[in-house]
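*Asks:* Take a look and give me a structure for this.
(4 chains)
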Protein chains: 2
Amino acid sequence: MTLQDIIERLQRAKALEDLQTITEELREHYATTHIVYHWVNSIGERFGAGTYSTDWVDRYLEKDYLRMDPVIFGCFQRFHPVDWKQLDWSTKAARSFLKDAISFGVGNQGYTIPIRGPNGQFALFTVSHTTTDEAWEGFIQANAHDFMIIAHEFNKKALEFETGTEVVSVPALSPRELTAMSYLAKGFSRAQAADELKISEHTLRVYIEAARHKLGALNTTHAVARALSCGLIVV
Amino acid sequence: MTLQDIIERLQRAKALEDLQTITEELREHYATTHIVYHWVNSIGERFGAGTYSTDWVDRYLEKDYLRMDPVIFGCFQRFHPVDWKQLDWSTKAARSFLKDAISFGVGNQGYTIPIRGPNGQFALFTVSHTTTDEAWEGFIQANAHDFMIIAHEFNKKALEFETGTEVVSVPALSPRELTAMSYLAKGFSRAQAADELKISEHTLRVYIEAARHKLGALNTTHAVARALSCGLIVV
DNA sequence: AAAAACCTCCCCAAAATTGGGGAGTAGAAA
DNA sequence: TTTCTACTCCCCAATTTTGGGGAGGTTTTT
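*Replies:* Sure, this is the predicted structure:
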């Protein structure tokens, strides 16, 4: 099975369950202990497809490990893939977490790729194995690029399933409306923003209101949040 | 030159200027019109390394194209790489922008990969060429994976140079603070959010204030914007 | 050329947010 | 064990934001 085959297999996936199956196929193909795709958001909602035992998943949820898992923590701050050995295992909680994980069949080695999508979407693609440091290093060197591509395709599919449709239509804001949203997102009060733009506060208000309506937002904060999420503005 | 060579070349880069040189080497290697890495940031500041003429870059800045460039707009909302043809060129402004771009030597074809890093960092890696639709399609099919890996390495390097250090610390918010931010981002008023959480509004206020301080935000809207940008919450 | 959207300005009163205080419990970390 | 952080509750008054109105001129789009 070549990388191309894997990608095509992924692209044929029609539902979330297919992703689950694919992790199992990948595990066999690469002869690793686990392959996991893991969707994280900080409010604790999650979706995962992977080969971890359900016992471990339950345990993870029960213990609320999401809140302290060094893998998630570390990947969240980094851009590039991380070998688990590079992470911060200094706290006691982290070490006991690792011990617990291994006892539930998670490999002693791991390589996790952080993936970010629009709207702050964040996911992880993990390969875990039980082996020596040297063997692991060789394995990762040989396959890092493949995993990167696979992780990307995985997330693409997951995003498709998640949002239902691919492109969500975003209301177009006028330049002034965008600027207004931008200033608010930067922490300016209305008065300050109006000052900065050298227009009356009343005028600024009109823009904010217009933007709010277009975005279907309930209040200013909501409007700014939407504008950010939709990528209309950047902080 | 293999992909591995390119990656190694990238990893040897010691400064931003090296990235510039590498785009030129890549252009020759792939025999395309342009290769551009483009960092889109907060306040309209940008950093670019690429083979576009300085005339075009100046023009772009002068005309404030950043605000309406369909490539940037489209990529920001998507996860996967985009062929320029898939973008929305329906507005008059977009069409005249394209015409202008081509007159400044940008190719008629383009393929842009959105890349996201921690803290809402966003960048684009673009390959542009002047050729027919068929030739272009074949070219992209053959090289998409390579470009993806290269884009990733490019951004990794750029992040290194930009931040100096690798890990930027995001303030950790407590669970309650996160929830509070989340509710606000969803458009709840304080009163509504407090109701939903079944705590007094005063308590909720304490969370919001705490979050605001941790995030170094000037007001609630700013705090929510920051929390979103840092990926602490998702709408 | 007409229609639509955009930019600018103004008023008022109700509602919400903010800025300070302070205080007690529980649990984790040092 | 002590210290620290997180969670919960309360008061008050100043300030800001919001939700409606309306009006005139300039660009785009159709």
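*Asks:* okay, the angle between the host helix or strand of A:I150 and helix B:133-163?
*Replies:* For A:I150, the host element (DSSP states H and E) is helix A:133-163. Inter-element angle recorded for helix A:133-163 and helix B:133-163: 120 degrees (by axes from the mean of the first three to the mean of the last three C-alpha atoms, to 10 degrees).
*Asks:* Report the buried residues of helix A:133-163.
*Replies:* By 16 or more other C-beta atoms under 10 Å in any protein chain shown, the buried positions in helix A:133-163 come out as A:136, A:139-140, A:143-159. No exception for glycine: its C-beta is placed from N, CA and C like everyone else's.
*Asks:* now do stretch A:200-207
*Replies:* Quick answer for stretch A:200-207 (16+ other C-beta under 10 Å): A:204, A:207.
*Asks:* Is that stretch in proximity to chain B?
*Replies:* No - on the criterion C-beta under 8 Å from any C-beta of the partner chain, stretch A:200-207 is out of touch with chain B, staying 13.7 Å away.
*Asks:* Which strands border the helix or strand where A:G48 lies, and is each parallel or antiparallel?
*Replies:* Assigned by DSSP H and E, A:G48 belongs to strand A:46-50. As defined by DSSP bridges, the strand partners of strand A:46-50 come to strand A:34-40 (antiparallel).
*Asks:* quick one: the strand it pairs with to chain centroid distance?
*Replies:* Centre-to-centre, strand A:34-40 and its host chain are 10 Å apart (C-alpha atoms, centre = their mean, to the nearest Å).
*Asks:* Please list the outside residues in contact with it.
*Replies:* When contacts are defined by C-beta atoms under 8 Å, 6 or more residues apart in numbering or on different chains, strand A:34-40 is touched by residues A:19, A:23-24, A:26-27, A:46-52, A:66, A:72, A:105-107, A:121-129, A:151, A:154-155, A:158, A:162.
*Asks:* Helices of chain A, start to end?
*Replies:* A:3-12, A:16-30, A:54-62, A:70-77, A:92-103, A:133-163, A:175-185, A:190-197, A:201-214, A:220-229 (DSSP state H).
*Asks:* Out of those, flag the one nearest B:G231.
*Replies:* helix A:70-77 (7.0 Å; C-beta to C-beta).
*Asks:* residues contacting the residue nearest the centre of chain A?
*Replies:* Taking C-alpha atoms, centre = their mean as the criterion, A:F122 is the residue nearest the geometric centre of chain A, at 0.9 Å. Taking C-beta under 8 Å, 6+ apart as the criterion, A:F122 is in contact with A:39-41, A:76, A:114-116, B:231, B:234.
*Asks:* hang on, the earlier thing: can you narrow the buried residues of helix A:133-163 to ones near chain B?
*Replies:* A:145, A:148-149, A:152, A:155-156, A:159.
*Asks:* hang on, the earlier thing: from the contacts of A:F122, pick the one nearest DNA strand C.
*Replies:* Within the contacts of A:F122, the smallest distance to DNA strand C is 18.0 Å, found for A:F76 (C-beta to the nearest atom of the strand).
*Asks:* what about the residue lying closest to A:F47 once chain neighbours are set aside, neighbour count?
*Replies:* Leaving out its chain neighbours, the residue that sits closest to A:F47 by C-beta to C-beta, 6 or more residues apart in numbering or on different chains is A:W39, at 4.3 Å. The burial count assigned to A:W39 is 20, neighbours taken as other C-beta atoms under 10 Å in any protein chain shown.
*Asks:* domain parsing for chain A?
*Replies:* As given by automatic domain parsing, the domain ranges for chain A are A:3-163, A:175-229.
*Asks:* out of those domains, deepest packed?
*Replies:* Using mean count of other C-beta atoms under 10 Å in any protein chain shown, the stretch among these with the largest mean neighbour count is domain A:175-229, at a mean of 19.
*Asks:* what distance separates it from the centre of its chain?
*Replies:* 28 Å.
*Asks:* what's the model's confidence in that domain, averaged?
*Replies:* Confidence over domain A:175-229 (mean pLDDT, whole number) is 89.
*Asks:* near DNA strand C, which residues of chain A?
*Replies:* A:91-93, A:172, A:174-177, A:197, A:199-200, A:202-203, A:206-207, A:210, A:219 (C-beta under 7 Å from any atom of the strand).
*Asks:* try 10 Å this time
*Replies:* Within chain A, the positions near DNA strand C by C-beta under 10 Å from any atom of the strand are A:68, A:90-94, A:171-180, A:189, A:194, A:197-207, A:209-211, A:213-214, A:218-221.
*Asks:* For the residue of chain A most remote from its centre, which residues are in contact?
*Replies:* Distance to the chain centre peaks in chain A at A:S200, reaching 40.8 Å (criterion: C-alpha atoms, centre = their mean). The contact partners of A:S200, by C-beta under 8 Å, 6+ apart, come to A:A194.
*Asks:* Can you add pLDDT and give the ones next to chain B among the buried residues of helix A:133-163 back as TSV?
*Replies:* Output for those, formatted as TSV (pLDDT from 0 to 100):
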residue	pLDDT
A:H145	92
A:M148	95
A:I149	94
A:H152	94
A:N155	91
A:K156	90
A:L159	84
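*Asks:* In a markdown table: those residues, plus distance to DNA strand D.
*Replies:* A markdown table is the format used below for these (distance: C-beta to the nearest atom of the strand, whole Å):
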| residue | distance to DNA strand D |
| --- | --- |
| A:H145 | 39 |
| A:M148 | 34 |
| A:I149 | 38 |
| A:H152 | 34 |
| A:N155 | 30 |
| A:K156 | 32 |
| A:L159 | 30 |
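*Asks:* Now tabulate these in a markdown table and tack on distance to A:E8.
*Replies:* Shown next, in a markdown table, are these (distance: C-beta to C-beta, whole Å):
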| residue | distance to A:E8 |
| --- | --- |
| A:H145 | 17 |
| A:M148 | 17 |
| A:I149 | 12 |
| A:H152 | 14 |
| A:N155 | 17 |
| A:K156 | 13 |
| A:L159 | 18 |
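*Asks:* from those residues, which is closest to A:Y60?
*Replies:* A:N155 (20.4 Å).
*Asks:* so who does the closest one touch?
*Replies:* Counting by C-beta under 8 Å, 6+ apart, the residues that A:N155 touches are A:37, A:115, A:117, A:123, A:125, B:79.
*Asks:* Name the nearest residue to the third one, sequence neighbours excluded.
*Replies:* When the adjacent residues along the chain are set aside, A:G117 lies closest to B:F79, with 4.3 Å between them (C-beta to C-beta, 6+ apart).
*Asks:* how much space is there between that neighbour and DNA strand C?
*Replies:* In this view, B:F79 and DNA strand C are 27 Å apart by C-beta to the nearest atom of the strand, to the nearest Å.
*Asks:* What confidence value was assigned to that residue?
*Replies:* 88.
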